[in-house]
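Trainee: with the input below, show me the fold.
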Amino acid sequence: MLFSLASIGCAFAPSLPWLLLGRTFQGLGGAAIMSVQPALVRAIYPRNMLGRGLGFNTTVVATLARRRPVDRCRAALDHFVPILFAVYAPLGIISFVLSERYLPHTTHTHRPFDVISAIMSGLTFGLLIFGIDGMAHGHQRPVIATELILAIVLGTMFVWRQKTLADPMMPIDVFKRPIFSLSITAAMCTFSRRAWPSSACPFYFHTVLGRSASDTGILLTAWPLALASVAPIAGRLADRHHAGVLGAIGLTFMTTGLVLTALLPADPSSANIMWRLVLCGAGFGIFASPNNRLMMNAVPRERSGSAGGIIATARTLGQTVGAALVALVFSLFDFSSGGAVDAARAAIWLAAGFAATALVVGSLRLRH
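Mentor: Below you'll find the predicted structure:
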C-alpha cells in the first residue's frame, strides 16, 4: 500500500524534489515487498517443494523486469511520465486485496525497529556507491576518499552494533553458516553482473553495433525469456538434486555465454548474438532458483524474514555497485576517438569476471 500511495505521489509531483521524495517512499515500500518474498514462498510451499516455488518466483521476476530501450519511447515519455508512475497504484491496490485474502498470516515476533541501524546501513551502502560513482565522473579525490573511508567506518560500526543487539536488524550469526555465506556471496556477484544487460548491453547493441532501438529490444529479450523458461525446471530439479551442483552448472553456462559475447565478431548476425544471450539467461536460471533454495534452507524458519532481507540487500547493492562499475569502466575510454567498442567489450569482460567469481565461490559449497 505504501508503494501504491508513493506511486500516486510521483505521478502528481510538481517538481524534482517532490518526485525524489515520492521515489524514496517507493523504495521503502519496495524494500518491504522484496524482503518478505522468499519468506512467504517458504511459508506457502512444503520443504520438498521449496525449489519449485522459488523457481516460479524467479520466472515472474524475469518476465516482468523486461524493459525496452528508452530510445524507442523517448517521445512518449515526455507526455506520459505521470501515467507510467500512476499505473502502479491500481496494481498495488489489487495486490494488497489479494494478499490480505489469500496469503498466509504467518506467526511473528514483535521486535522494535532499529532506526539507528537502518540509518547506518543506508549511509554505508550510499557512501560506497557514491564513492565508486564519483571515480567514474571525475569527482575530486579527497571527496571520493572521504566517502569510501566513511563507508568502511560506518560499515564496521554497523556490524559491531548488530553483534551487541538481542534482536539485530541484520543477524550476523547467519553468516557463520558456510552454505549461506557462500551462497549470498555468489548471488551478489551475479547481481553485480546484471548491470551489463541492463546498461552496457543496450549501449553495445545500439551504439557500437548500430542496431535500431527496436532490434536492440528484440535482442535483449533473449536473456529474460531463456531465464523465465529454465528457472521453474531448475527449481524442480533443486528439490531432488544437489543445489550446489546445479548452481555450478548454471554459472558455467553463464560465464561461457558472457565470454563468447565478448568475443563477438565486428558485425555479428542477430542469431549469432541471441544464442549467446540465451546461454547466459539459461545459465542464470539454472543458478538462481537452487541458490535461493540453499540460502533459505540454511537458516532456521524463524529467521526466514531476516534471510529475505539480506537477499534483497545483496540484490540491490550488487546491481547498483555493478552499474557504478560499468560507468567507471566507460570513463576509462575516449569515446571521441573510437573507444566505444573497447569500452563495451571491457564492460562485458567485467560481467564475465563477476560470473566467474560467483562460479568459484559457489563451487566451494560442494565441500559442505
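Trainee: how many neighbours does the residue lying closest to residue 165 once chain neighbours are set aside have?
Mentor: Nearest residue to residue 165, sequence neighbours excluded (Cβ to Cβ, 6 or more residues apart in numbering): residue 114, at 6.9 Å. C-betas here are computed from N, CA, C, even on glycine. Residues near residue 114, counting by other Cβ atoms under 10 Å, number 17.
Trainee: measure residue 114 to residue 317 for me?
Mentor: Noted for residue 114: a distance of 19 Å to residue 317, by Cβ to Cβ, to the nearest Å.
Trainee: over to residue 206?
Mentor: 28 Å.
Trainee: swap in residue 301?
Mentor: 25 Å.
Trainee: helices of the stretch 51-200 of the chain, residue ranges please.
Mentor: Secondary structure of the stretch 51-200 of the chain by DSSP state H, counting those that start in this stretch: the helices cover 74-86, 88-102, 115-136, 141-164, 178-193, 195.
Trainee: same question for the stretch 251-368 of the chain.
Mentor: For the stretch 251-368 of the chain, the helices defined by DSSP H, counting those that start in this stretch occupy 270-297, 304-331, 340-363.
Trainee: right, so of those helices, which gets closest to residue 221?
Mentor: Residue 221 lies closest to helix 270-297 among the helices of the stretch 251-368 of the chain, at 8.6 Å (Cβ to Cβ).
Trainee: where does pLDDT dip in the stretch 151-300 of the chain?
Mentor: Along the stretch 151-300 of the chain, segments meeting pLDDT under 70 span 195-198.
Trainee: circling back: what's the most buried one of the helices of the stretch 251-368 of the chain?
Mentor: Burial of those is given as mean neighbour count (mean count of other Cβ atoms under 10 Å); helix 270-297 ranks first at a mean of 24.
Trainee: redo the helices of the stretch 51-200 of the chain as TSV? Include distance to residue 5.
Mentor: Compiled in TSV, these are given as follows (distance: least, Cβ to Cβ, whole Å):
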stretch	distance to residue 5
helix 74-86	11
helix 88-102	8
helix 115-136	20
helix 141-164	30
helix 178-193	28
helix 195	30
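Trainee: can you put those in CSV and add distance to residue 251 and mean neighbour count?
Mentor: CSV is the format used below for the helices of the stretch 51-200 of the chain (distance: least, Cβ to Cβ, whole Å; neighbours: other Cβ atoms under 10 Å):
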stretch, distance to residue 251, mean neighbour count
helix 74-86, 35, 12
helix 88-102, 32, 13
helix 115-136, 24, 17
helix 141-164, 27, 14
helix 178-193, 7, 23
helix 195, 17, 24
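Trainee: which of those sits closest to residue 353?
Mentor: Residue 353 lies closest, by Cβ to Cβ, to one member of the helices of the stretch 51-200 of the chain: helix 178-193, at 8.4 Å.
Trainee: for the closest one, name the packing helices and strands.
Mentor: Helix 178-193 makes packing contacts with helix 243-262, helix 270-297, helix 304-331, helix 340-363 when contacts are defined by 3 or more Cβ pairs under 8 Å, 6 or more residues apart in numbering; DSSP states H and E.
Trainee: so for residue 200, which of these sits nearest?
Mentor: helix 340-363 (3.8 Å).
Trainee: quick one, that closest one and helix 243-262 angle?
Mentor: 170 degrees (axes from the mean of the first three to the mean of the last three Cα atoms, to 10 degrees).
Trainee: mind checking the end-to-end distance for stretch 99-106?
Mentor: 12 Å (Cα to Cα, to the nearest Å).
Trainee: which outside residues touch it?
Mentor: By Cβ atoms under 8 Å, 6 or more residues apart in numbering, the residues outside stretch 99-106 that reach it are 39, 40, 43, 44.
Trainee: can you rerun that using 10 Å?
Mentor: For stretch 99-106, the external contacting residues (Cβ atoms under 10 Å, 6 or more residues apart in numbering) are 1, 33, 36, 39, 40, 42, 43, 44, 95, 301, 304, 305.
Trainee: tell me the pLDDT of the last one.
Mentor: Turning to residue 305, the model gives it a pLDDT of 78.
Trainee: roughly how far does the nearest residue to it once chain neighbours are set aside sit from residue 341?
Mentor: Among residues not flanking residue 305 along the chain, residue 39 sits closest, at 4.7 Å (Cβ to Cβ, 6+ apart). According to Cβ to Cβ, residue 39 stands 45 Å off from residue 341.
Trainee: list the contacts for residue 207?
Mentor: Going by Cβ under 10 Å, 6+ apart, residue 207 touches 216, 335, 340, 341, 343, 344.
Trainee: farthest pair in those residues?
Mentor: Counting by Cβ to Cβ, the most remote pair of those is 216 and 335, 18.3 Å apart.
Trainee: between those two, which one's more packed in?
Mentor: Neighbour count, other Cβ under 10 Å: between residue 216 and residue 335, residue 216 has more, with 22 against 13.
Trainee: what about the more buried one, distance to residue 263?
Mentor: Distance of residue 216 to residue 263, given as Cβ to Cβ: 20 Å.
Trainee: likewise for residue 27?
Mentor: On the measure of Cβ to Cβ, residue 27 and residue 263 end up 38 Å apart.
Trainee: likewise residue 249?
Mentor: Taken as Cβ to Cβ, the span from residue 249 to residue 263 is 22 Å.
Trainee: compare the two (neighbour count), which wins?
Mentor: A direct count of neighbours by other Cβ under 10 Å for residue 249 and residue 263 places residue 249 higher, at 17 against 11.
Trainee: now for the more buried one: which residues touch it?
Mentor: Neighbour list for residue 249: 234, 237, 283, 286, 287, 290, 359 [criterion: Cβ under 10 Å, 6+ apart].
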